[in-house]
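J.: The following block contains a protein sequence and its predicted model.
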Amino acid sequence: MELKYEWKSISLINIDDEVKYLGSYFKIGENPKFNTKGDSDYQYINRLDDSEEIYVEMIEFFGAYTLSKARSNLKGRISHTIGGNIQYAMIDDPLVMYRVYYGMDIDINLKLKMIGEIFYDPYFLELWQESEYDYNNLNTDKLSDNVVEQPDDYRLIHLDFGFIYALNESFRFGFHFQKPFIAFYWKL
């Protein structure tokens, strides 16, 4: 399962009892904590680093419909898929997440297939967005006097494309340009 994010606006208090706010996307289930450590700067003390795993129990419902037909030159197939999923995260404040997508794949030859997908997912951050909202190096310039609202420029619609290569009839592997970057497919 890919990692999901949610927007949080967190209040911080320094040793002078001054209240400031920090807004960012945090991993689902992550509860960031801050303290002052004895000086006037706000410092982060409980951020999970990327090597630590966050386990969140979830229930997921998934559905998809695929229409596949032979290409006009009778060399391979073209497929269109419409689908979606709903995930229910069982955390302190339960969260319902969803994704709706359209995907297409085209056979380039007998072993290679090109895939593309457009999807709507308000809990997905692209790799460049993850680095933009990384607060491991917190400084007071990023703090606000008011509750920080989710940015208006956040994109809810994402694109992905890639290639799938078939080693044999049962096993395929693929490369995507969104997470997950490498995928393995096993067909019974």
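T.: All right, it came through fine.

J.: Only C-alpha atoms from now on, for both contacts and neighbour counts.
T.: Will do.

J.: Tell me how many other residues crowd the closest residue to residue 171 other than its chain neighbours.
T.: In this structure, residue 171 finds its nearest non-sequential neighbour in residue 186, 4.9 Å apart by CA to CA, 6 or more residues apart in numbering. As a burial measure, residue 186 scores 9 neighbours (other CA atoms under 10 Å).

J.: dump the residue contacts of residue 186.
T.: Contacts for residue 186 (CA atoms under 8 Å, 6 or more residues apart in numbering) come out as 170-172.

J.: Now do the helices in the chain.
T.: Assigned by DSSP state H, the chain shows helices spanning 127-132.

J.: which residues in it form strands?
T.: 5-13, 19-27, 34-35, 43-44, 58-70, 77-89, 95-107, 112-120, 157-166, 171-176, 182-186 (DSSP state E).

J.: Same list (these) but as TSV, adding distance to residue 126.
T.: Listed next are these as TSV, based on distance: least, CA to CA, whole Å:
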stretch	distance to residue 126
strand 5-13	10
strand 19-27	12
strand 34-35	26
strand 43-44	24
strand 58-70	22
strand 77-89	19
strand 95-107	15
strand 112-120	12
strand 157-166	8
strand 171-176	12
strand 182-186	15
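
J.: Spatially central, which residue of this structure would that be?
T.: For the chain, the residue nearest the mean C-alpha position is residue 124 (3.0 Å; CA atoms, centre = their mean).

J.: quick revisit: what about burial for the contacts of residue 186, which qualify?
T.: residue 172 (16 or more other CA atoms under 10 Å).

J.: From the contacts of residue 186, pick the one nearest residue 161.
T.: residue 172 (16.1 Å; CA to CA).

J.: neighbours of residue 155, just the number please.
T.: Counted with other CA under 10 Å, residue 155 comes out at 14.

J.: give me every residue that touches it.
T.: residue 122.

J.: Distance check, it against residue 27.
T.: 17 Å (CA to CA, to the nearest Å).

J.: and what of residue 170?
T.: Noted for residue 170: a distance of 35 Å to residue 27, by CA to CA.

J.: With residue 74 instead?
T.: Residue 74 sits 46 Å away from residue 27, going by CA to CA.

J.: More neighbours: which of those two?
T.: residue 27 (19 against 8).

J.: Not counting sequence-adjacent ones, nearest residue to that one?
T.: Once flanking residues are discounted, residue 27 sits nearest to residue 5: 4.5 Å by CA to CA, 6+ apart.

J.: And residue 97, by the same measure?
T.: Using CA to CA, 6+ apart, the nearest residue to residue 97 is residue 87, at 5.1 Å.
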